[in-house]
Each structure stands twice: as C-alpha cells, then as structure tokens.
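Enquirer: need coordinates for the below:
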Amino acid sequence: MAAVNHILVVDDDGVVGALVSAMARSMGLHCIVTKDAANCHRLVTPDTAVILLDLVMPGMDGIEVLRLLGEKKCEARIVLMSGMDKRVIETAKKLARTLGLPVIGHLQKPFGIEDLQTALGVLSPTESASVPDETPMIEYDDGELLEAFEHSEFVNYYQPQVSLKNGEVTGVEVLSRWVHPKRGIILPDLFIGRCESMGLIDKLCWITVEMALDDVKHFRSSSSMYPRLSLNASVYTLRDLKFPDRFMALLVRHGFPAGRIVIEITETGLIRELARTLDVLTRLRMKAIQLSIDDFGAGYAMMQQLQNIPATELKVDMSLVQNMHASDSDRVMVEKTIEMGHELGMEVIAEGVMTHEQLMLLRAMGCDAAQGFLFSRPLPASELTKWLARKDKEIDKGDWPASLPAAMDSDPLH
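Expert: Below you'll find the model as predicted:
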C-alpha cells in the first residue's frame with residue numbers, strides 16, 4: 001500500500017477537527033481540517049490518504065459531498081462521521097460504495113480517542129494485506145476468446161470450503177480461469193459475460209466440468225472421501241432441458257457420485273424462462289445432485305428464489321460477511337440468513353471469510369462452513385492437492401480453530 005501522506009477532515013465542529021489533528025500528529029500523519037464542505041474537494045490531492053466526513057453540516061451536507069467526490073472519482077478512503085442513527089450511516093456507506101468511493105468505516109458521534117484510533121488503524125499495511133486484489137481491467141477482442149477455446153486456454157482453480165465445526169475440508173468450489181498467452185491469467189468476471197453473449201457459455205461449462213471430474217480424483221483426503229464439487233452454472237445453461245441427462249451421463253462415465261456435486265445458481269440472475277429453469281433444477285435434485293443459491297443477499301429476489309428453487313444450500317454473499325462487524329444491518333442479515341437456511345433444512349456456507357474475527361462470529365451464529373482467503377485463495381489442481389495433504393497433517397481436528405493460524409495458507413495470489 002502507498003505511504004499515508006495526509007488526512008482531510010470535513011466537519012463544522014472545531015472540537016472534532018482538533019481531536020483528529022492531535023491523533024494524526026501522534027501517528028506521524030499530516031492533517032488538514034476544513035469546515036467548508038462546498039470547497040472540500042479542492043483540498044483533495046493525490047496525497048490525500050483518507051477523508052473523515054461529517055454527514056450533517058450547514059449548507060452542503062455530507063451526502064452532497066459524497067456525490068461530488070464520486071463525480072470527481074476520488075480515490076481517497078473515506079470514514080463517515082455522524083450523530084445520526086446507525087442505519088442512516090450504513091445507508092450512506094452503501095451509497096458511497098455505489099458511487100465508487102472506498103469507504104473504510106464510520107464514527108458514531110460522540111466518539112472517543114479509542115474509536116478514532118480504531119478508525120485510523122485500518123490504514124496500517126498489515127490490515128490491507130488480507131484484502132484481495134481488485135480484478136484488473138483487461139481488453140481483448142472476440143477473436144481472442146474464440147482462440148482460447150481452440151487452443152484449450154481455460155483451466156480450473158479450486159477454493160476449499162471448510163467446516164466451521166471441526167476444520168475439515170468438506171468441498172471445493174470450481175472457478176474457471178483463462179490463461180491468455182500474452183495477458184496472463186484472466187478472472188471469470190472478465191469473460192463469463194462475453195461467453196454468454198457469444199453463445200459460448202455451454203461450451204465453457206462442459207470444459208470446466210470435464211476438467212473438474214478429472215482433477216477431483218487427486219483430491220481425496222485422509223477420509224478417502226471425495227470432497228464435494230461446487231460448480232457454477234449460467235442461467236443460460238440451466239434453461240437447456242437436456243442438461244440433467246447429459247450431466248448425469250458424464251458423472252457415470254467418470255464414476256463420480258451425484259450426491260457429491262453441487263450446482264451453484266447465482267441469486268441475482270435466475271428469473272429467466274422460469275418454467276424451463278425449474279424443470280431442469282427439479283430433475284437435477286431428483287438425480288441426487290445438490291443445488292446452492294449463490295451470492296445470497298446480494299440481489300433483490302431472495303424470498304422468491306427460496307420459494308422457487310429446491311435448494312439444499314445457501315451461500316451468504318461475501319459483501320455481507322466482510323461488513324458484518326461494521327454494519328448492524330449486514331450482521332443481522334447474515335444471522336437471519338443462517339437461521340432461515342437451517343429452518344428450511346439447508347446447509348449454510350459463508351463466502352469471503354478473511355479474518356479470524358469473522359470466523360468466530362460465524363461459528364457463534366451456527367454457520368456450517370466457510371470459504372475465503374483466511375483458509376486459502378483459489379488454487380490450481382496441483383497446488384490444491386499439496387494444500388489438502390498439508391491440512392491433513394497440520395490441523396488438529398480436536399483443537400480447531402485454535403490451530404488455524406499455524407495452518408493458514410501462504411500461497412501467492414493466482
């Protein structure tokens with residue numbers, strides 16, 4: 001992370017400005033304070049590391065400032081301050097993120113020195129090390145994507161899913177990667193949509209499944225049981241009425257049990273040609289294949305999805321998991337999702353777990369399993385095989401999660 005250069009405080013309360021300035025000096029940071037919200041954007045420079053912004057001010061309020069900073073594509077991180085209800089602050093944080101602004105926390109007024117230290121403490125390099133890199137934008141044309149299929153440039157990576165009861169690896173999520181000959185590894189967010197629009201998504205689906213069924217033979221743990229394979233399925237693929245029979249034929253050919261397969265359905269993208277989709281999903285369940293509602297909580301069709309899909313698993317969206325310590329509404333959403341999933345007879349998996357604190361809170365809520373950088377980044381098959389062997393030796397099943405820090409993954413990001 002780039003060195004911290006200065007902090008900008010935007011607040012009409014002189015006491016707050018003085019408190020932050022004193023704290024900044026004690027941390028070796030330079031602090032600029034302004035009461036003029038309308039002109040604060042002129043004080044933001046490339047050296048501005050963080051902006052502490054009061055929401056309620058005379059003249060231009062903090063929401064208007066956020067809108068202006070969003071228009072200016074401000075890259076400084078933001079801490080919101082207010083004496084308003086926490087839910088108002090949390091809504092403001094969501095607005096800021098929608099505007100593309102990096103919000104790192106909030107301070108509920110009146111706040112003390114310890115609260116301020118905590119808010120500014122997130123600027124330390126040690127904290128940023130656990131945050132995954134953002135997906136870089138990579139340009140390519142349709143011809144390159146077609147060549148990727150012709151030259152077999154797609155590979156599978158796998159992220160382990162860990163039981164929160166005993167630390168055992170219960171499954172792996174299969175994640176596609178495009179190994180471009182010139183641009184390196186391209187993540188799925190940058191090519192899945194293009195595959196769908198070009199009518200190539202079914203082809204990618206079958207390539208991914210074939211590779212996964214070949215690779216999984218090397219993933220058996222000391223229990224001699226295959227881990228569950230969680231496969232992401234496009235809404236376009238799930239409209240193909242022949243999909244269940246073709247999928248089962250593939251499992252039979254590889255000798256892989258249908259009950260160890262989980263098809264993940266993205267919560268935000270299902271409602272298209274509902275009758276055909278429900279036909280396919282119901283037949284998959286009748287063949288013992290498990291169904292998971294992915295990214296649960298990220299969209300707006302949650303209750304309808306639960307009513308429509310014969311799902312056996314809920315995956316709590318990573319945005320809720322990562323914000324649940326700072327946001328009361330996100331914490332409640334996670335807790336109620338776990339309760340609701342269990343009441344409906346489903347297993348609940350949390351995505352994007354990056355800290356021990358998140359892990360312990362999820363355990364206290366009764367979440368069944370989790371995946372995230374705390375355990376392992378997505379790995380190619382050869383590295384996952386080594387990771388699983390190492391976990392068998394390193395994790396003391398009777399002393400988990402106390403043994404977790406000694407067994408945490410240190411593999412580089414792929």
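Enquirer: is it true that G372 touches V353?
Expert: Yes. With contacts counted by C-beta atoms under 8 Å, G372 reaches V353, the gap being 3.4 Å. (Each C-beta comes from the backbone N, C-alpha and C, glycine too.)
Enquirer: any shared contact partners between these two?
Expert: Counting by C-beta atoms under 8 Å, 6 or more residues apart in numbering, the common neighbours of G372 and V353 are V321.
Enquirer: part of a strand, is L229?
Expert: Yes. Under DSSP: H, G, I helix; E, B strand; the rest coil, L229 sits within a strand.
Enquirer: ok, now which ones touch it?
Expert: Residues near L229 by C-beta under 8 Å, 6+ apart: 171-172, 174, 212-213, 216, 256, 260-262.
Enquirer: can you tell me which of these has the most neighbours?
Expert: Greatest neighbour count in those, by other C-beta atoms under 10 Å, goes to V172: 28 neighbours.
Enquirer: roughly how far does T266 sit from K165?
Expert: With distances taken as C-beta to C-beta, to the nearest Å, T266 is found 27 Å from K165.
Enquirer: buried residues in stretch 209-223, which are they?
Expert: Buried residues in stretch 209-223, defined by neighbour count with 16 or more other C-beta atoms under 10 Å: 209, 211-213, 215-216, 219.
Enquirer: which residues are contacting that stretch?
Expert: Residues from elsewhere that reach stretch 209-223 (C-beta under 8 Å, 6+ apart): 154-156, 158, 168-169, 172, 174, 226-227, 229, 231, 247, 250-251, 254, 256, 381, 384-385, 388, 392.
Enquirer: ok, now with 6 Å
Expert: Residues from elsewhere that reach stretch 209-223 (C-beta atoms under 6 Å, 6 or more residues apart in numbering): 156, 174, 226-227, 229, 254, 256, 381, 385, 388, 392.
Enquirer: go on, stretch 314-323?
Expert: With contacts defined as C-beta under 6 Å, 6+ apart, stretch 314-323 is touched by 292-298, 330, 333-334, 337, 341, 346, 348-352.
Enquirer: that one: how far from the chain's middle?
Expert: 7 Å (C-alpha atoms, centre = their mean, to the nearest Å).
Enquirer: what's the answer for stretch 69-88, then?
Expert: On the basis of C-alpha atoms, centre = their mean, stretch 69-88 sits 22 Å off its chain's mean C-alpha point.
Enquirer: in it, what's buried?
Expert: For stretch 69-88, burial by neighbour count (16+ other C-beta under 10 Å) applies to 69, 74, 76-82, 84.
Enquirer: state the mean pLDDT of that stretch.
Expert: Average pLDDT, stretch 69-88: 86.
Enquirer: measure it end to end?
Expert: End-to-end span of stretch 69-88 (C-alpha to C-alpha, to the nearest Å): 19 Å.
Enquirer: what comes into contact with it?
Expert: 41, 44, 48, 50-56, 89, 92, 99-107, 109, 119, 328.
Enquirer: thinking again about what came up before, inside strands: which ones of the buried residues of stretch 69-88?
Expert: 77-82 (DSSP state E).
Enquirer: among those residues, which one sits closest to K203?
Expert: The shortest gap between K203 and any of these belongs to R77, at 41.5 Å (C-beta to C-beta).
Enquirer: quick one: the closest one from K35, how far?
Expert: Noted for R77: a distance of 21 Å to K35, by C-beta to C-beta.
Enquirer: can you check V316 too?
Expert: V316 is 41 Å from K35, by C-beta to C-beta.
Enquirer: and P102, by the same measure?
Expert: P102 is 24 Å from K35, where distance means C-beta to C-beta.
Enquirer: those two: which is more packed in?
Expert: Neighbour count, other C-beta under 10 Å: between P102 and K35, K35 has more, with 17 against 12.
Enquirer: show me this protein divided up by domain.
Expert: Following automatic domain parsing, one gets these domains for the chain: 6-128, 142-407.
Enquirer: is it true that A18 lies in a helix?
Expert: Yes. Under three-state DSSP, A18 falls within a helix.
Enquirer: specify the beta-bridge partners of the nearest residue to it once chain neighbours are set aside.
Expert: In space, and not counting its chain neighbours, A18 is closest to V33: 7.9 Å by C-beta to C-beta, 6 or more residues apart in numbering. Beta-bridge pairing of V33 under DSSP bridges involves V9.
Enquirer: isn't V33 right up against G17?
Expert: Yes. Between V33 and G17 there is a contact at 3.7 Å, judged by C-beta atoms under 6 Å.
Enquirer: any weak-confidence spans in the stretch 101-250 of the chain?
Expert: 121-137, 221-224 (pLDDT under 70).
Enquirer: what are the ranges of the strands in it?
Expert: Secondary structure of the stretch 101-250 of the chain (DSSP state E, counting those that start in this stretch): strands at 103-108, 154-163, 169-180, 184-186, 228-232.
Enquirer: closest to P310 out of those?
Expert: Closest approach to P310 among the strands of the stretch 101-250 of the chain (C-beta to C-beta): strand 228-232, 16.6 Å.
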